[in-house]
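Visitor: Please find the sequence and the predicted model below.
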Amino acid sequence: MRKIEYVVSDERLITPSGLSLVGQVLGKSNLIKKANRMRTDKRSQPQIKNGDILLTMIGLLSLGKSDFENVNEFHKDEEFYKIALGIAYSIPSESSLRNRLDGIGTTMNQQILDGNVDMFLSCGYEPSSLANSCVPVDIDVSPFDNSGSHKAGVSRTYKNFDGYASCFSKHCFRVRLF
């Protein structure tokens, strides 16, 4: 794999340049190696390994892009994204990414969860609480559009429509949120 050199400069940075750091962190873990060894039933574009599928989706999510169609942006500068993320063969098409992730999600769920832990350990990261024993959590609400309704509690949301802004994150924790 080609190395990317980091230098301090006054030049304007390319927006997805931070993906090279994501690729290096993922390269230290065994997640991608384990993914490449796993078998999945649905295999469109079989020459593209499961690891390349995961690297592509992780790259998209790292850029804040959760739609499968956003993978088409990677095809505009395929060489950069392959080097930055450590993709071995090729960036998948939109439909292949969607289909293969469905298969990976059903067969590799536990391996992905274990891979997350392995990735943090390989980088020397050890989660810890604050001095007051609390753990900071970054959460956001999910605004629902109720424009034109006369329901109680409807108010203006940050997405600039009338509705509710429910916080579902509290349901993911086994602790009481204040």
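Guide: Everything's here; your move. Numbering: from 1, shown residues only.

Visitor: Geometric centre of the chain: which residue is closest?
Guide: In the chain, the C-alpha nearest the mean C-alpha coordinate belongs to residue 61, at 3.4 Å (C-alpha atoms, centre = their mean).

Visitor: residue contacts, that residue?
Guide: Applying C-beta atoms under 8 Å, 6 or more residues apart in numbering to residue 61 gives no contacts. All C-beta spots, glycine's among them, are computed from the backbone N, C-alpha and C.

Visitor: Now with 10 Å, please.
Guide: 22, 70 (C-beta atoms under 10 Å, 6 or more residues apart in numbering).

Visitor: which residue sits farthest out from the middle of the protein?
Guide: Largest centre distance within the chain, by C-alpha atoms, centre = their mean: residue 150, 37.8 Å.

Visitor: related to what we said a few turns ago, give me the distance between the residue nearest to the centre of the chain and residue 71.
Guide: The gap separating residue 61 from residue 71 is 11 Å, by C-beta to C-beta, to the nearest Å.

Visitor: give me the low-pLDDT residue ranges for the chain?
Guide: For the chain, applying pLDDT under 70 flags the ranges 1-2, 4, 12-14, 40-45, 167-178.

Visitor: quick one, helices of it?
Guide: 19-28, 31-37, 50-62, 71-76, 78-85, 94-107, 109-122 (DSSP state H).

Visitor: Nearest to residue 143, out of those?
Guide: Evaluated with C-beta to C-beta, those place helix 50-62 nearest to residue 143, the distance being 20.8 Å.

Visitor: tell me which residues of that closest one are tucked away?
Guide: 50, 51, 52, 53, 54, 55, 56, 57, 58, 59, 60, 62 (16 or more other C-beta atoms under 10 Å).

Visitor: got these as TSV, with distance to residue 121 columns?
Guide: Formatted as TSV, those follow (distance: C-beta to C-beta, whole Å):
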residue	distance to residue 121
50	22
51	19
52	23
53	23
54	18
55	19
56	24
57	22
58	18
59	22
60	25
62	20
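
Visitor: domain assignment for the chain?
Guide: As recorded under automatic domain parsing, the domains making up the chain are 15-122, 130-178.

Visitor: so what's residue 145 bridging to?
Guide: Judged by DSSP bridges, the bridge partners of residue 145 are residue 163.

Visitor: pretty sure it is touching residue 157, no?
Guide: Yes: look at residue 145 against residue 157 with C-beta atoms under 10 Å: they come within range, at 8.1 Å.

Visitor: Those two: which is more packed in?
Guide: Between residue 145 and residue 157, residue 157 has the larger neighbour count (other C-beta atoms under 10 Å), namely 18 against 13.
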